[in-house]
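> the sequence and its predicted three-dimensional model are supplied below.
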Amino acid sequence: MADAALRLKRLVEPLLGVPLPVRIRAWDGSEAGPPDAPALVVRNRRAVRRLLFKPGELGLARAWVAGDLGLDGDLYTALGLISGLVWERGEDARGLGRALRDPEVRAAVRGLVVLAGPPLPPAPPPEEVRRPRRHLHTKRSDKRAISHHYDVGNDFYELVLGPSMVYSCAYWEAPDPDGTLEGAQRDKLDLVCRKLGLAPGHRLLDVGCGWGSMAVHAAREYGVSVVGVTLSQEQAAYARKRVAGEGLTDRIEIRVQDYRDVTDGPYDAISSLGMAEHVGAERYLEYAEDLLKLLRPGGRLLNHQIARRPHRDESAYTLDGFIDAYVFPDGELAPLGTTVTQLERAGFEVRDVESIREHYALTLRRWVANLEREWADAVRLAGAGRARVWLLYMAACALAFERNRLGVNQVLAVRAPESGTSGLPLRARTWN
């Protein structure tokens, strides 16, 4: 009799302490759980072993990336239901230890061990980053982390990001289903240029320049000279080709260079769009001080950065297991207040903060739709495991932004001269 799904349901629910909100479809074809809910497809016993040896988010992620777990039904609905069991419960190892004092829970674990088969921990998928210890954001470790994330293949990123090739939050006029991602990204780049007060003859430093979108827009539309720096060889090659195609080689220089090694200031403006998440708490003040030194007095910084919600005890903050292992190794998020404080400590005057949280949810849903539509090509270009990483990462992040678990902010700061004259308009958000 095929009953693996029912056995899984009966064994997992005592561990969770609540009924399973999703349906289970097991490797023997059996199903159990709410009939109208999305199905968590457990394709083999190896998936159960992964969860036993690494309970929680990382075990689920390994099973998903390896293809041992799948979903049948709406992806966002399924993730919304599962997130309440995994990401939003806030339980730690001590909580698991307390749960194991319950005889019913111990019996459930023993039952899962029997169901899982031979107790050998499966090897992590090859897409998982392996490193012996936490690096404190040295230049070498940062370059390795950036390469893991961005040197996946420019063709793959073109499928996901679309023609704009901008890998940060777009700026939407309204949640209009007919609005294009390319138009929203163009509007974001233009907003940044206007906030920075760019004008012909200015020098712009684009920190973490990606595939060159900001550099090209600023040079073409505002007549500025741009230096773009990235640690990704693939990004730099793509950006240089793009610059040449636009006929802008006399105004744009793309470097493979750490921002800490840029010494040819002063610049009139600096843009940092989705890069500061890689800096790390230990290095953030240094990052802010380095950028301040590169600006002329009166020069502006536009820091576009994802933020997390603050903890009552900030020492309890840990990196997200799935994102750290598969997406952004060593990436760290900080609360908005911490970012503003560090910029001010470095000597910046913070002039404006604009939250665009909902814009990122809209952007991510477009990226997910692009990936799903081009799934076969994405798998061909980057491999099935990598494509599954990006699908899970972007869909889960879309929900996190929608539910106010994550935010994203544009912080405009100025290196105010000794006279105190900032050069900004008296009325905020008159970006001229």
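Okay, I see it.
> kindly tell me how buried Asp68 is, as a neighbour count.
By the criterion of other C-beta atoms under 10 Å, Asp68 has 23 neighbours. From N, CA and C alone the C-beta is placed, and that goes for glycine too.
> try Val12
Neighbours around Val12, by other C-beta under 10 Å: 17.
> and it, what's its pLDDT?
At Val12, the model reports a pLDDT of 86.
> tell me the secondary structure for it?
helix (DSSP: H, G, I helix; E, B strand; the rest coil).
> distance of the closest residue to it other than its chain neighbours relative to Arg50?
Nearest residue to Val12 in three dimensions, chain neighbours excluded: Leu20, at 6.4 Å (C-beta to C-beta, 6 or more residues apart in numbering). Distance, Leu20 to Arg50, by C-beta to C-beta, to the nearest Å: 18 Å.
> the two: who's more crowded?
The neighbour comparison of Leu20 against Arg50 (other C-beta under 10 Å) goes to Arg50, with 27 against 20.
> show me where the stretch 51-200 of the chain has its strands.
Here the stretch 51-200 of the chain has its strands, by DSSP state E, counting those that start in this stretch, at 69-72.
> touching, the residue nearest to Val12 and Leu6? I think so.
No. Taking contacts as C-beta atoms under 8 Å, Leu20 lies outside contact range of Leu6: 11.1 Å.
> contacting residues around stretch 280-288?
With contact meaning C-beta atoms under 8 Å, 6 or more residues apart in numbering, stretch 280-288 is reached by 136-137, 259-260, 276, 279, 330, 332, 334, 338-339, 342-343, 345-346, 348.
> just these now: which is nearest Ala376?
Asp330 (32.1 Å; C-beta to C-beta).
> how about that closest one, secondary structure?
Following three-state DSSP, Asp330 is assigned to coil.
> so how far is Thr77 from it?
In terms of C-beta to C-beta, Asp330 sits 32 Å off from Thr77.
> between these two, which one's more packed in?
Neighbours were counted for Asp330 and for Thr77 using other C-beta under 10 Å; Asp330 has more, 22 against 15.
> packing partners of the longest strand along the chain?
Longest strand of the chain, by residue count under DSSP state E: strand 295-308. Applying 3 or more C-beta pairs under 8 Å, 6 or more residues apart in numbering; DSSP states H and E, one finds that strand 295-308 makes contact with helix 181-195, strand 267-273, helix 336-346, strand 406-414.
> go through it and flag the buried ones.
295, 298-308 (16 or more other C-beta atoms under 10 Å).
> would you list those in a markdown table and tack on pLDDT and distance to Ser272?
Shown next, in a markdown table, are the buried residues of strand 295-308 (pLDDT from 0 to 100; distance: C-beta to C-beta, whole Å):
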| residue | pLDDT | distance to Ser272 |
| --- | --- | --- |
| Leu295 | 98 | 12 |
| Gly298 | 96 | 18 |
| Gly299 | 97 | 13 |
| Arg300 | 98 | 11 |
| Leu301 | 98 | 7 |
| Leu302 | 98 | 7 |
| Asn303 | 98 | 5 |
| His304 | 98 | 7 |
| Gln305 | 98 | 8 |
| Ile306 | 97 | 12 |
| Ala307 | 97 | 14 |
| Arg308 | 95 | 18 |
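> Gly210: which of those residues is nearest?
His304 (11.8 Å).
> ok, what's across the strand from that closest one?
Residues in a beta bridge with His304, per DSSP bridges, are Leu273, Gln410.
> OK, contacts around it?
Counting by C-beta under 8 Å, 6+ apart, His304 makes contact with 168-169, 192, 271-274, 408-411.
> again, only this time at 7 Å
For His304, the residues meeting the contact criterion (C-beta atoms under 7 Å, 6 or more residues apart in numbering) are 168, 272-274, 410.
> again with Ser315
By C-beta under 7 Å, 6+ apart, Ser315 lies in contact with nothing.
> Provide a list of residues in contact with the closest residue to Arg415 other than its chain neighbours.
Of all residues not flanking Arg415 in the chain, Leu295 sits nearest, at 4.4 Å (C-beta to C-beta, 6+ apart). Residues near Leu295 by C-beta under 7 Å, 6+ apart: 265-267, 270, 301, 415.
> low-scoring stretches of the chain, by residue?
Of all residues in the chain, those with pLDDT under 70 make up the ranges 1, 86-105, 119, 131-136, 139, 141-151, 175-177, 428, 430-432.
> how does it look with 80?
In the predicted model of the chain, residues 1-2, 15, 84-109, 111, 119-120, 130-152, 174-178, 316, 319, 427-432 satisfy pLDDT under 80.
> and Val41, how many residues sit next to it?
A count of neighbours around Val41, defined by other C-beta under 10 Å, yields 19.
> where's it relative to Asp72, distance?
Taken as C-beta to C-beta, the span from Val41 to Asp72 is 6 Å.
> okay, and the common contacts of these two?
Jointly contacting Val41 and Asp72 under the rule C-beta under 7 Å, 6+ apart are Arg25.
> now the end-to-end length of stretch 170-181.
Chord length of stretch 170-181, first to last residue, is 7 Å (C-alpha to C-alpha, to the nearest Å).
> hmm, who's touching that stretch?
Contact with stretch 170-181 is made by 162, 164, 184-185, 187-188, 191, 356, 359, 362-363, 366, as judged by C-beta under 7 Å, 6+ apart.
> which one's the longest helix in the protein?
Using DSSP state H to define each element, the chain has its longest helix at helix 384-402.
> and that one, what's buried?
Within helix 384-402, the residues that count as buried by 16+ other C-beta under 10 Å are 384-402.
> doesn't Asp206 fall inside a strand?
Yes. Counting by three-state DSSP, Asp206 is located in a strand.
> okay if I get the contacts of stretch 170-181 as JSON lines plus neighbour count and distance to Arg130?
Below are the contacts of stretch 170-181 laid out as JSON lines (neighbours: other C-beta atoms under 10 Å; distance: C-beta to C-beta, whole Å):
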{"residue": "Gly162", "neighbour count": "17", "distance to Arg130": "32"}
{"residue": "Ser164", "neighbour count": "20", "distance to Arg130": "33"}
{"residue": "Ala184", "neighbour count": "21", "distance to Arg130": "37"}
{"residue": "Gln185", "neighbour count": "27", "distance to Arg130": "34"}
{"residue": "Asp187", "neighbour count": "16", "distance to Arg130": "40"}
{"residue": "Lys188", "neighbour count": "26", "distance to Arg130": "35"}
{"residue": "Leu191", "neighbour count": "18", "distance to Arg130": "40"}
{"residue": "Ile356", "neighbour count": "20", "distance to Arg130": "35"}
{"residue": "His359", "neighbour count": "20", "distance to Arg130": "35"}
{"residue": "Leu362", "neighbour count": "23", "distance to Arg130": "35"}
{"residue": "Thr363", "neighbour count": "28", "distance to Arg130": "31"}
{"residue": "Arg366", "neighbour count": "22", "distance to Arg130": "32"}
